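Asker: Okay, structure incoming, though there's no sequence with it:
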C-alpha cells in the first residue's frame, strides 16, 4: 500500500479549489490527504500546525492578503523551506515562471492548462515529490562526504 501524500492547496477561488480537488482525488497516483487554505494567513497557520507533515504545497500566487505574486511565494517558502512548492497560477509569463523556479519552486503550472489536461497537474505533483526526495538524498550524501573528509583530516568531532 502506498504512503498517503499530504498536500496543502493554497487557493482563494472556490471554483479552482473544486476543480483541483476533483483532479487530485480522481487522478492521483497515490492516496492524497488534501488540505485547503483560502488565504496566506490560513496557509501559514496550517503549516505551523502541521509540524512538518505536509509533503507538498500547491500555491496560487494571487491571494487576497498578499500584495504580489512574489510576496506569496516568498512567505510560503520561508514558512516551509523544506517542502516542495508547485505554483498554480493563471499567469501566462514564461520569464516569471523561470524566475520563480530559479527561486525554489519545483514547478509552475498554468490553471487553464490543467482544465484541458488534468494529467499535467498530477505529473507536476509526482515529479516535484520525486525531485525533492532525490535532492534530500544528494544532501545526505554530501553531509556524509563532509564527515569522512573531516574525519580523515583529523577534525571530526563525532557530533552531527
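Answerer: Cool, got the structure. As the structure is a computational prediction, the values presented were derived from the model and not from experiment.
Asker: what sits against the closest residue to residue 79 other than its chain neighbours?
Answerer: Spatial nearest neighbour of residue 79, excluding adjacent residues (C-beta to C-beta, 6 or more residues apart in numbering): residue 47 at 4.9 Å. For every residue, glycine as well, the C-beta is placed using N, CA and C. Applying C-beta atoms under 8 Å, 6 or more residues apart in numbering to residue 47 gives the contacts 8, 54, 76, 79-80, 83.
Asker: again with residue 117
Answerer: Here residue 117 is in contact with no residue (C-beta under 8 Å, 6+ apart).
Asker: Check what pLDDT it gets.
Answerer: Listed pLDDT for residue 117 reads 91.
Asker: Let me see the backbone angles for it.
Answerer: Dihedral pair for residue 117: phi -140, psi 80, per degrees, to the nearest 10.
Asker: which residues in this structure form helices?
Answerer: 14-27, 40-50, 69-79, 94-102, 111-116, 119-152 (DSSP state H).
Asker: could you redo the ones you listed as JSON lines and give each row distance to residue 33?
Answerer: Listed next are those as JSON lines, based on distance: least, C-beta to C-beta, whole Å:
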{"stretch": "helix 14-27", "distance to residue 33": "10"}
{"stretch": "helix 40-50", "distance to residue 33": "11"}
{"stretch": "helix 69-79", "distance to residue 33": "19"}
{"stretch": "helix 94-102", "distance to residue 33": "26"}
{"stretch": "helix 111-116", "distance to residue 33": "20"}
{"stretch": "helix 119-152", "distance to residue 33": "13"}
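Asker: List just the one of those helices that sits closest to residue 34.
Answerer: Closest to residue 34 of those is helix 14-27 (C-beta to C-beta; 5.8 Å).
Asker: Ok, which of the helices of the chain comes nearest residue 62?
Answerer: For these, the distance to residue 62 is smallest for helix 69-79, at 6.6 Å, taking C-beta to C-beta.
Asker: Now for residue 119: which residues touch it?
Answerer: Residue 119 makes contact with residue 27, according to C-beta under 8 Å, 6+ apart.
Asker: Residue 112: neighbour count?
Answerer: A count of nearby residues for residue 112, using other C-beta atoms under 10 Å, gives 10.
Asker: ok, it touching residue 89?
Answerer: No. Residue 112 is beyond contact range of residue 89, at 9.6 Å (criterion: C-beta atoms under 8 Å).
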